[in-house]
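[1] The sequence and its predicted three-dimensional model are supplied below.
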Amino acid sequence: MGALRPHNDKSLIRNALAYEIGRRMGRYAPRTAFCELVLNEQYAGLYLLVEKIRRDKNRVNITKLMQKDISSDDLTGDYIVKIDKGDFDEFGWV
């Protein structure tokens, strides 16, 4: 799991709302939970705890691509695509 604290989202609900809308539309979206963080008895703010995306039959149910899968029929299927903010011209594959 990872914690998000988007500084440009003062409402702190955009990511959680987008994930929830995706789930209600029948798409996969990571589960989320709001949490208040306290470090060394100092309040550090409100964060959004986000489930890490994993390939699993109970989470993202896609088959793993094997090295032997080199023909076009074997290469078609499901993929996890990672797009990081800030790299608008580049795609990353997980």
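    Yep, that arrived.

[2] what's the next secondary structure element after the longest helix seen in the chain?
    Counting by DSSP state H, the longest helix found in the chain is helix 14-24. As assigned by DSSP states H and E, the chain's next helix or strand after helix 14-24 is strand 32-39.

[3] And that next one, what's buried?
    Buried residues in strand 32-39, counting neighbours by 16 or more other CB atoms under 10 Å, are found at Thr32. To be clear about C-beta, it is placed using only N, CA and C from the backbone, and glycine gets the same treatment.

[4] Could you check the angle that strand makes with helix 14-24?
    150 degrees (axes from the mean of the first three to the mean of the last three CA atoms, to 10 degrees).

[5] So which other helices or strands are in contact with strand 32-39?
    Helices and strands touching strand 32-39, by 3 or more CB pairs under 8 Å, 6 or more residues apart in numbering; DSSP states H and E, are helix 14-24, strand 42-50.

[6] Of the ones you listed, which is nearest Asn58?
    Nearest to Asn58, of all the helices and strands packed on strand 32-39, is helix 14-24, at 14.6 Å by CB to CB.

[7] Now the closest one - C-alpha only, PDB.
    Extracted in PDB, the C-alpha atoms of helix 14-24 (Å, rounded to 0.1, in the frame of the first residue of the first chain):
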ATOM      1  CA  ARG A  14     -10.300  13.600  -6.100                       C
ATOM      2  CA  ASN A  15      -8.300  10.400  -6.200                       C
ATOM      3  CA  ALA A  16     -10.600   8.500  -3.800                       C
ATOM      4  CA  LEU A  17     -13.600   9.700  -5.800                       C
ATOM      5  CA  ALA A  18     -12.100   8.800  -9.200                       C
ATOM      6  CA  TYR A  19     -11.300   5.300  -7.900                       C
ATOM      7  CA  GLU A  20     -14.800   4.900  -6.500                       C
ATOM      8  CA  ILE A  21     -16.400   6.000  -9.700                       C
ATOM      9  CA  GLY A  22     -14.300   3.500 -11.600                       C
ATOM     10  CA  ARG A  23     -15.300   0.700  -9.300                       C
ATOM     11  CA  ARG A  24     -19.000   1.500  -9.600                       C
END
